[in-house]
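[1] sequence first, then the predicted structure, then my questions.
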Amino acid sequence: MRRYAITPANIHDSQMISQVLDPENRDDFVWADSGYAGARFEDLLDMAGFESRIHEKG
């Protein structure tokens, strides 16, 4: 973990993904739970130069 964001309980943590991605991170992988699964997040990670390791929903 390199960055974090604090939000009210009514904001899902997945809405903060762009604020917590660290462009200076030497590791290209982003590991996250299934709350981050979906084309929207995959596209965002791809545009930012990261490779998704997001867990799929069961």
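    Done, it's in.
[2] and Gln15, what does it touch?
    Contact analysis of Gln15 by CB atoms under 8 Å, 6 or more residues apart in numbering lists Thr7. Heads up, the C-betas are built off the backbone N, CA and C, glycines and all.
[3] now it, what's its secondary structure?
    Under DSSP: H, G, I helix; E, B strand; the rest coil, the three-state class of Gln15 is helix.
[4] how close does it get to Ala5?
    Separation of Gln15 from Ala5 (CB to CB, to the nearest Å): 9 Å.
[5] likewise for Ile17?
    9 Å.
[6] got it, and Asp43?
    20 Å.
[7] what pLDDT does Ile54 get?
    Looking at Ile54, its pLDDT stands at 91.
[8] identify the bridge partners of it.
    Ala32 (DSSP bridges).
[9] so it touches Leu44, yeah?
    No - using CB atoms under 8 Å, Ile54 makes no contact with Leu44, being 11.0 Å away.
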